[in-house]
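Asker: My questions concern the predicted model and sequence given below.
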Amino acid sequence: MSEFGTITCDGPAAERSLGPLPVKVRTPDGEIIGVGVSGSPIGVPPGLYFVSVVTPDGRERSCGETVTVTAGADTISRTPAGRAPAPPRALAPAPVGAAAPEPASASALAPASASAPARIPHGQQLIREAVRIAAKQIYNRMTRGFVAAESVMADAPTPPPPAAPAPTTETVRLWQGNWFAAWDAVPGSRHPALEAGLGETFILSQDQPTQIARIADCDQLVAQPIGACVRYSVVPFDECTACVDDTPGTKDIAANLASGPAGSFVRFRSTVTEEANTLLSFVENGVLTEMWTVSEDMVNQGERAMLSPGGSVLRAVTGAYVLLRANELSGLDAWLTSLGRLSPALPDIPILRAELLARLGQHEDALALLQTAIGGRCPWFRSGLSYMLERVRLYIDVSANSEVDFAIARADLPQFIAARERLDTLMRMLVRSRTLTTFDVPAE
């Protein structure tokens, strides 16, 4: 008989449309002893455990009281019904324009102290600890406020009026063309005349998603006036990886207006599967460990996950970026190769594979893929642009200063130098707060 048992957490029924969610298994002392995803067994030694599910906004929900695991057996842990966390705001009819909730602080989600009485359920320990920390923070803020008030009371300025509410609709336009070629066509740091690529205006709303259909063989960016700039947001698309051959050309994305610290922006969400939006929400909310867990589980399943009913192009490429960021490279090349075969128009594939092979020391193959990437379309993800620039810089420097087998050919060097200049310019306009590629181009 096995010395281990397993726990399978099915998650609350209201959230199963979100796809696999990260699951944490803790001992009564709060130590994390196992991680996995909902719907899949997690191996742990026999004993008593608390089980929790992490939602895309970073919050953690307890699955109830302790779960008893016995050797060689699988124990089902069910999350009780209750107030479900808001799913990623993407699809009609649910409003999607509001900014995503802030993730809960690490201190509020920390396990209770080991000295707490064992009879207090783990969920109550978390609540008590969160209340204690919140009370202390409030007290500290009040104390600092009294001290500051004594010194500035007489000269206190009139508080500014409250900021005007963010608009619920904006007039935008769709730019179409070759984004990289547009920037290559102008010398130095001048900005290209982008007006020629702009289409008719349309209304982008917080409350009602707008469907944007993909047009083959060109970049598409939503052009949105932001103060003295025009914000250009690269438009991704999504399609079911299990039915690409059956329904060719059914590629689109839902777009909504949203607001954040850097102003209003376009939020893109899949209309194919909510699982793609779940993983993208983990990334946008910076829930690092959890999004890595979900991505690793997906890639480890290989083509079975890609060809499952919840498989989609957007979900697959998001997971690839997550694992590359975590430097978890096992199985990733096969995953990207399969994805490139299913969706050859996806611009991020050669960039991701070039970065992956370079990290594995296969520089000749990486250089060939990088040359394809710099002559292709703009990547959907901001990280893809960063990978391109760093690798272009590195290979130019190595080719100029070292005797290596993978040096850039003399005839190809002008193409790489032009790409470096173009990427340097674009990186200065990149909006760092956005996961998907977004540029703030000064209006001229």
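Answerer: Cool, the structure landed. Here the structure is a predicted model, which is why all the values come from computation and not from measurement.
Asker: Span of stretch 423-441 from start to end?
Answerer: In stretch 423-441, first residue to last residue: 14 Å (C-alpha to C-alpha, to the nearest Å).
Asker: Residues touching it, excluding its own?
Answerer: Around stretch 423-441, the neighbours that count as contacts under C-beta atoms under 8 Å, 6 or more residues apart in numbering are 183, 189, 191, 194, 221, 226, 229-234, 236, 260-262, 265-266, 268, 280, 283-284, 374, 378-382, 384-386, 388-389, 392, 442. Placement of C-beta: from N, CA and C, glycine included.
Asker: buried ones in it?
Answerer: Neighbour counts using 16 or more other C-beta atoms under 10 Å place 423, 425-426, 430-431, 434-441 of stretch 423-441 among the buried residues.
Asker: quick one: which of those residues sit in strands?
Answerer: Those of those mapping onto strands are 438-441, per DSSP state E.
Asker: so what's residue 177 closest to, chain neighbours aside?
Answerer: Distances taken as C-beta to C-beta, 6 or more residues apart in numbering put residue 197 closest to residue 177, at 4.0 Å, once the chain neighbours are dropped.
Asker: isn't that neighbour right up against residue 183?
Answerer: No: if you go by C-beta atoms under 8 Å, residue 197 and residue 183 don't touch, sitting 11.9 Å apart.
Asker: Beyond the one helix or strand residue 318 maps to, next helix or strand please.
Answerer: Using DSSP states H and E, the element containing residue 318 is helix 313-325. Downstream of helix 313-325, the next assigned helix or strand under DSSP H and E is helix 332-342.
Asker: average pLDDT across that following helix?
Answerer: Across helix 332-342, the average pLDDT comes to 90.
Asker: Then stretch 261-268?
Answerer: The predicted model assigns stretch 261-268 a mean pLDDT of 88.
Asker: got it, and stretch 170-177?
Answerer: 96.
Asker: Give me the buried stretch members for that stretch, please.
Answerer: For stretch 170-177, burial by neighbour count (16+ other C-beta under 10 Å) applies to 170, 172-175, 177.
Asker: Ok, stretch 25-45 next?
Answerer: Residues 25-28, 30, 34-38, 42-44 are the ones in stretch 25-45 that count as buried (16+ other C-beta under 10 Å).
Asker: Kindly reformat these as JSON lines containing distance to residue 6.
Answerer: Listed next are these as JSON lines, based on distance: C-beta to C-beta, whole Å:
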{"residue": "25", "distance to residue 6": "10"}
{"residue": "26", "distance to residue 6": "16"}
{"residue": "27", "distance to residue 6": "16"}
{"residue": "28", "distance to residue 6": "19"}
{"residue": "30", "distance to residue 6": "21"}
{"residue": "34", "distance to residue 6": "9"}
{"residue": "35", "distance to residue 6": "13"}
{"residue": "36", "distance to residue 6": "9"}
{"residue": "37", "distance to residue 6": "13"}
{"residue": "38", "distance to residue 6": "13"}
{"residue": "42", "distance to residue 6": "6"}
{"residue": "43", "distance to residue 6": "5"}
{"residue": "44", "distance to residue 6": "7"}
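Asker: For residue 326, grab the count of nearby residues.
Answerer: 14 (other C-beta atoms under 10 Å).
Asker: one step back: show only the entries of the buried residues of stretch 170-177 found in strands.
Answerer: Those of the buried residues of stretch 170-177 mapping onto strands are 170, 172-175, 177, per DSSP E.
Asker: The helix holding residue 318 - what's its average pLDDT?
Answerer: The pLDDT scores in helix 313-325 average 89.
Asker: Would you confirm that residue 28 contacts residue 68?
Answerer: No: contact criterion C-beta under 8 Å: residue 28 and residue 68 do not qualify, at 11.6 Å.
Asker: what residues do the two have in common as contacts?
Answerer: Common neighbours of residue 28 and residue 68, using C-beta under 8 Å, 6+ apart, are residue 48.
Asker: pull the helix or strand with minimum mean pLDDT from this structure.
Answerer: Using mean pLDDT, DSSP states H and E, helix 106-109 stands out as the lowest-scoring helix or strand of the chain, at a mean of 31.
Asker: Report the buried residues of stretch 224-235.
Answerer: 224, 226, 229-235.
Asker: Now do the helices in the stretch 151-300 of the chain.
Answerer: Along the stretch 151-300 of the chain, the stretches classed as helices by DSSP state H, counting those that start in this stretch are 179-184, 274-284, 288-300.
Asker: do the stretch 301-444 of the chain as well
Answerer: Ranges of helices in the stretch 301-444 of the chain, per DSSP H, counting those that start in this stretch, are 303-306, 313-325, 332-342, 348-359, 363-374, 382-401, 413-428.
Asker: Three-state assignment for residue 39, please.
Answerer: coil (DSSP: H, G, I helix; E, B strand; the rest coil).
Asker: ok, now which ones touch it?
Answerer: By C-beta under 8 Å, 6+ apart, the residues touching residue 39 are 8-11, 20.
Asker: Go again with 7 Å.
Answerer: Taking C-beta atoms under 7 Å, 6 or more residues apart in numbering, we find residue 39 in contact with 8, 10, 20.
Asker: check contacts around residue 390.
Answerer: Taking C-beta under 7 Å, 6+ apart as the definition, residue 390 has no contacts.
Asker: measure it to residue 229 for me?
Answerer: According to C-beta to C-beta, to the nearest Å, residue 390 stands 25 Å off from residue 229.
Asker: need the ones in strands among the buried residues of stretch 170-177 in CSV with distance to residue 328, can you?
Answerer: Below are these laid out as CSV (distance: C-beta to C-beta, whole Å):
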residue, distance to residue 328
170, 39
172, 37
173, 39
174, 36
175, 35
177, 36
